[in-house]
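**Student:** what's the 3D shape of this:
(one chain, ligands or ions: 1)
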Amino acid sequence: MSSVSPIQIPSRLPLLLTHEGVLLPGSTMRTSVDTARNLQLVRGRLLKGTSLQSTILGVIPNTPDPASDAQDLPPLHRIGTAALAVQVVGSNWPKPHYTLLITGLCRFQIVQVLKEKPYPVAEVEQLDRLEEFPNTCKTREELGELSEQFYKYAVQLVEMLDMSVPAVAKLRRLLDSLPREALPDILTSIIRTSNKEKLQILDAVSLEERFKMTIPLLVRQIEGLKLLQKTRKPKQDDDKRVIAIRPIRRITHIPGILEDEDEDEDNDDIVMLEKKIKTSNMPEQAHKVCVKEIKRLKKMPQSMPEYALTRNYLELMVELPWNKSTTDRLDIRAARILLDNDHYAMEKLKKRVLEYLAVRQLKNNLKGPILCFVGPPGVGKTSVGRSVAKTLGREFHRIALGGVCDQSDIRGHRRTYVGSMPGRIINGLKTVGVNNPVFLLDEVDKLGKSLQGDPAAALLEVLDPEQNHNFTDHYLNVAFDLSQVLFIATANTTATIPPALLDRMEIIQVPGYTQEEKIEIAHRHLIPKQLEQHGLTPQQIQIPQATTLAIITRYTREAGVRSLDRKFGAICRAVAVKVAEGQPKEAKLDRSDVTEGEGFRDHILEKAIISLIIFLLSSKVSERLSQPGVAIGLAWTPLGGKIMFVEASRMDGEGQLTLTGQLGDVMKESAHLAISWLRSNAKKYHLTNAFGSFDLLDNTDIHLHFPAGAVTKDGPSAGVTIVTCLASLFSGRLVRSDVAMTGEITLRGLVLPVGGIKDKVLAAHRAGLKQIIIPQRNEKDLEEIPSNVKQDLSFVTASCLDDVLNAAFDGGFTVKTRPGLINSKL
Ligand SMILES: Nc1ncnc2c1ncn2[C@@H]1O[C@H](COP(=O)(O)OP(=O)(O)OP(=O)(O)O)[C@@H](O)[C@H]1O
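**Tutor:** A predicted model of the protein is given here:
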């Protein structure tokens, strides 16, 4: 017995009549109040009373149909639980309704109902002792073996749950600290029991009887859990954790039947995830974050949106190749052979790539400039990048940057975002599964900008060897070391690459191909590849070189070989249909489908056809130069070199200059420069307007047009062409139809160097032109021109406009040799 006097409940208690649920001493329950008597009790006593005593109620369970209690008091259960009303929540709309939170204190029995209305009040007798300080030793002795047995089962049951969950651990501690006599009531309300069973426990006033009745309930629960463990998939030694991974729900609701399978699988996954985190070898900081996140995950209900987010995050973290890399096997000789085998021509690029690899081999560390291949589409930039990865024995991954205008594309979204994802760099690493791949940043010149930040700025951090060992993706929120990644960038032009980015890269120009190079590439690489892709054999289709040339000159107009490749694809498809239609496999195709006759393979005939094609092309060009006031310039575009016609006409007017053809400011300035120079030199060259005046703009308007108006043109290199075209207009002489030119001019008539000479020369060659005028200071660029192209062309290097004009007109442009002064007035 306790030395402290037991606490007494009041001898008169207002009665709360309940229909569902049984409140046992020591447990808490929420009950709905909606009958008239109970509503009166809440309003008249709980809400009005101010003392602690006014919050004590007698809860009578199992009242038959309390809703119809308007008149007489129904028969009441003899034993009830005195309870403390801890909380009242309610509203008066649409009809009065309250919810009570009540905690059971002790049993009582009704001696006599004192009044029935507005709510029943009864004289009661307290049945359980309420001790302030339990004397556990004494109780243990008194209850002896029964209590000990009960305690052991209770411990066994609780220990079957996951002790790492705080609520379970607390329950375990309570088993030791609470008086043993309180345990049967508390455990009965926790484990899965029916109302009827709870009622029996409530009625078991004798403690001994109560222990006897609850032990079988505990045993039943333990057996239920054991059965559950057996029926689950055996998973090494994780069973225990799997069963009770979400025990908060199960403490109040320990399963006697199987829970649904999905949840089990999820729990298995979390255990696996935890194992992977342990073994993933990630840096300490990342590991810490993962451990924290998995702890949170375990406590989170699966229905929470954050559950899926956290799980995806952790899955990414364990998948990332924090420490996984491939071993470089760099052999420069093998690399050279591989590059040569995969790519024809592009000597300069291959040479630079080999130098780059050699330095890396010697330095044995990967810090160095980032290579950026710049050139027209389809010249093999991407494919060289792939070969570099192959030579190094590294994984290859291409990141297309064209149109990327949000920095989170590079750096990821913060996880607070709905639908957040890591950026392309981290995604790429996840895809390749190693931390030292070759990343090809394709089309860096086409990065956009938007309100969501500048992706180029994010790329700076990625590419800077000083910073990228600590690259932080917003989604990961921990640093990832990118220093082992080999970055190669590609672009069509450097003009649109942000300067800060350009500064971090070493630019390697990849010019377009000559016709001969294209023919070689076609026959060595493109055609065999297409045949293989279409399941054809070389016996089934043969494409002679002359046919290839015809396709190049007549059906494709490009610096690279991509459309040429597509044309071969189209031919192969057509042939594949014929083969599939049932012609014998080895049978040769009707040549007319593919070539233009057996004789085409004859070398001489091929040459003749080539000459014919070139003749046709040149005659098209010369048609356009059959009047004064037209000249051919050479332009460089991101798609390669192009020939460009410049046309001029004059009419009566007030000295106005009209320019059409979508020109940029620099081009417009060149036009003004050209006119100024010609006006100041009109006398020297005897250039006059239609009225015979040396003041060329006197009563005269000039219109200069650059055809292909849909394409914006800019740059100074058309200067010499504009001068030549206007000189032709004012002299009435024709410019030679086989001459193309390029060069910037000054007001004093000097010719300055320009860029893109190789592409421009190749374009002129493709168009069948014969002579090319280039600035003298560009002479060194002629070294890059393949010798077979050089053979077909003659070059004039000009240092001033005199040189240009003398070369552009037959017989030169000096005054003495010019007979047509009078004609020019016509
Ligand atoms: N010199 C070459 N030798 C062999 N094949 C080549 C060569 N140049 C290009 N090719 C082939 O042409 C195709 C197009 O090349 P690729 O995709 O690398 O071009 P790209 O320069 O990267 O173009 P883009 O700038 O449009 O990305 C590929 O199939 C490639 O193998």
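**Student:** Quick check: closest non-adjacent residue to Val89.
**Tutor:** Using C-beta to C-beta, 6 or more residues apart in numbering and skipping the chain neighbours, the partner closest in space to Val89 is Thr99 (4.8 Å). Backbone N, C-alpha and C define where each C-beta goes, glycine included.
**Student:** Next, the contact list for the one you found, please.
**Tutor:** The contact partners of Thr99, by C-beta atoms under 8 Å, 6 or more residues apart in numbering, come to 30-33, 88-90.
**Student:** ok, and for the helix or strand harbouring it, which residues are buried?
**Tutor:** In the assignment (DSSP states H and E), Thr99 maps to strand 97-115. Residues of strand 97-115 classed as buried by neighbour count (16 or more other C-beta atoms under 10 Å): 98, 100, 102-110.
**Student:** Same list, those, but as a markdown table with distance to the ligand and pLDDT please.
**Tutor:** Listed next are those as a markdown table, based on distance: C-beta to the nearest ligand atom, whole Å; pLDDT from 0 to 100:
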| residue | distance to the ligand | pLDDT |
| --- | --- | --- |
| Tyr98 | 72 | 84 |
| Leu100 | 73 | 87 |
| Ile102 | 74 | 89 |
| Thr103 | 73 | 88 |
| Gly104 | 76 | 89 |
| Leu105 | 80 | 88 |
| Cys106 | 83 | 90 |
| Arg107 | 84 | 91 |
| Phe108 | 87 | 92 |
| Gln109 | 90 | 92 |
| Ile110 | 90 | 91 |
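**Student:** Adding distance to Gly756, write those out as a markdown table.
**Tutor:** As requested, those are arranged in a markdown table below (distance: C-beta to C-beta, whole Å):
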| residue | distance to Gly756 |
| --- | --- |
| Tyr98 | 86 |
| Leu100 | 87 |
| Ile102 | 89 |
| Thr103 | 88 |
| Gly104 | 91 |
| Leu105 | 95 |
| Cys106 | 98 |
| Arg107 | 100 |
| Phe108 | 102 |
| Gln109 | 106 |
| Ile110 | 106 |
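**Student:** The ligand contacts on the stretch 451-600 of the chain?
**Tutor:** Listed as neighbours of the ligand in the stretch 451-600 of the chain under the rule C-beta under 6 Å from any ligand atom: 490, 492, 521, 525, 560-562, 565.
**Student:** So which of the residues you listed belong to strands?
**Tutor:** Restricting those to those inside strands, with DSSP state E as the criterion, leaves Thr490.
**Student:** Out of the residues of the stretch 451-600 of the chain next to the ligand, which two sit at the greatest distance?
**Tutor:** Considering C-beta to C-beta, no two members of those lie farther apart than Asn492 and His525, which are separated by 21.6 Å.
**Student:** More neighbours: these two, which one.
**Tutor:** Between Asn492 and His525, counted using other C-beta atoms under 10 Å, the more crowded position is Asn492 (22 against 18).
**Student:** Does the helix or strand harbouring Gln361 reach the ligand?
**Tutor:** Element membership of Gln361 [criterion: DSSP H and E] is helix 347-363. No. For helix 347-363 and the ligand, the contact criterion (C-beta under 6 Å from any ligand atom) is not met; the two come no nearer than 8.9 Å.
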